[in-house]
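Student: I need the structure of the sequence given here:
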Amino acid sequence: MRPAPSRPLLPVASVRSQPARAASAVAIAALLWGAGVAGALDGQSLRLLLLGAQDMSTPQTMLRADATVTVETPKGTRTTEAIALFAPGKEARWYLQVREPALAALVLGSERKVMERSGRTTQTLAIGAPAGDLGFAYEDLSRFVADDFTGWQITDESPTTVLAGAPPAVESAYVYRAYTLDKERTLAVKVQYYARTLNNLVKLRTDAAHVLLGRKWLPGTVRIENFAEGSTTTLALRWTQNASAPPELLTPAGFAAAPALPWVSSPAAGAAPATPALSPIATDRPR
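Tutor: Below is the predicted model of the structure:
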């Protein structure tokens with residue numbers, strides 16, 4: 001069933017954009033709870049929460065995710081494998097490799113473009129382009145950056161979550177996004193994507209089964225419902241920090257000729273195994 005939209009046009013408290021702060025998610029969470037985050041958020045507290053979500057989605061080392069990808073469509077269900085590499089730093093650069101049909105892509109997040117390689121052909125696409133026929137766009141899995149949006153608004157709040165949305169201030173396939181943010185862990189557990197108009201909900205992303213790797217909460221499962229296509233894509237993820245990869249994979253000059261990464265059939269040593277999808281708020285938080 002298609003979920004109800006978050007009604008982004010309601011008159012709500014907006015948040016003025018400020019320069020990003022170099023604060024860890026742990027410090028931001030402490031500030032939020034020290035200020036009484038269980039109560040209604042004010043603009044400054046929301047800003048801290050957004051910066052915490054940005055910090056949580058920013059790798060400190062090279063992160064690798066080995067994924068089992070299941071795509072359900074009206075024509076049937078299929079499964080493939082994928083590898084994603086997320087480079088550290090503010091450039092939001094990451095690499096995607098899909099086993100079948102074979103596809104490789106270098107996502108240049110700060111430049112809002114993608115170099116996509118299929119067979120011997122490499123083409124440059126907008127970051128809002130679909131990732132093959134997997135039911136999601138490259139920007140759907142890209143790093144969250146608070147200042148990529150303008151005029152943040154709170155549209156709903158509970159003791160543990162806040163629903164905040166904003167239109168993008170950068171090139172995007174969407175006109176508005178609404179994020180359900182976990183206040184304690186300072187991360188997004190749901191994202192609603194609106195295209196063309198503010199009442200046209202086209203996708204819903206839900207993250208669950210989070211694992212703690214270093215100081216980062218990472219999803220064990222990502223589920224993307226694509227209402228326009230009538231498809232649902234589920235990624236079951238196994239994470240590895242301090243991953244290694246040929247440096248040319250993550251450079252525009254070397255990507256086109258770089259060899260593909262080797263496939264693995266089981267979790268790498270030290271990886272955080274994926275766990276069954278659970279309720280992202282009530283059941284996958286440590287006791």
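Student: which stretches of the stretch 151-287 of the chain form helices?
Tutor: 252-255 (DSSP state H, counting those that start in this stretch).
Student: any weak-confidence spans in it?
Tutor: Low-confidence segments of the stretch 151-287 of the chain (pLDDT under 70): 265-287.
Student: Which residue ranges of it form strands?
Tutor: Under the criterion DSSP state E, counting those that start in this stretch, strands of the stretch 151-287 of the chain are mapped to 152-157, 161-166, 176-182, 187-194, 201-208, 211-213, 216-218, 221-226, 231-240.
Student: Reformat these into CSV and put distance to T80 and mean neighbour count next to each item.
Tutor: C-beta coordinates here come from the backbone N, C-alpha and C atoms, glycine included. Shown next, in CSV, are these (distance: least, C-beta to C-beta, whole Å; neighbours: other C-beta atoms under 10 Å):
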stretch, distance to T80, mean neighbour count
strand 152-157, 36, 19
strand 161-166, 32, 22
strand 176-182, 27, 24
strand 187-194, 23, 23
strand 201-208, 19, 21
strand 211-213, 22, 15
strand 216-218, 21, 22
strand 221-226, 15, 22
strand 231-240, 10, 21
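Student: Count the neighbours of T77 for me.
Tutor: 10 (other C-beta atoms under 10 Å).
Student: V98 too?
Tutor: The burial count for V98: 21, using other C-beta under 10 Å.
Student: tell me the contacts of the closest residue to it other than its chain neighbours?
Tutor: Closest residue to V98 apart from its sequence neighbours, by C-beta to C-beta, 6 or more residues apart in numbering: A82 at 4.9 Å. By C-beta atoms under 8 Å, 6 or more residues apart in numbering, A82 lies in contact with D66, A67, V69, L96, Q97, V98, R99, L134, L235.
Student: So for the fifth one, what's the nearest residue that isn't a sequence neighbour?
Tutor: By that I understand Q97. In space, and not counting its chain neighbours, Q97 is closest to I83: 4.5 Å by C-beta to C-beta, 6+ apart.
Student: The one you found pairs with what?
Tutor: Applying DSSP bridges to I83 gives these bridge partners: D66, Q97.
Student: From W152, how far out is it?
Tutor: I83 sits 33 Å away from W152, going by C-beta to C-beta, to the nearest Å.
Student: What does the pLDDT read for the residue positioned nearest the centre of the chain?
Tutor: With distances taken as C-alpha atoms, centre = their mean, L141 lies nearest the centre of the chain, 4.0 Å away. Per-residue pLDDT puts L141 at 97.
Student: That one against V222, yeah?
Tutor: Yes. With contact defined as C-beta atoms under 8 Å, L141 counts as touching V222 (7.5 Å).
Student: Can you name the two of the contacts of A82 that sit furthest apart?
Tutor: Greatest spatial distance among these (C-beta to C-beta): D66 and L134, at 15.4 Å.
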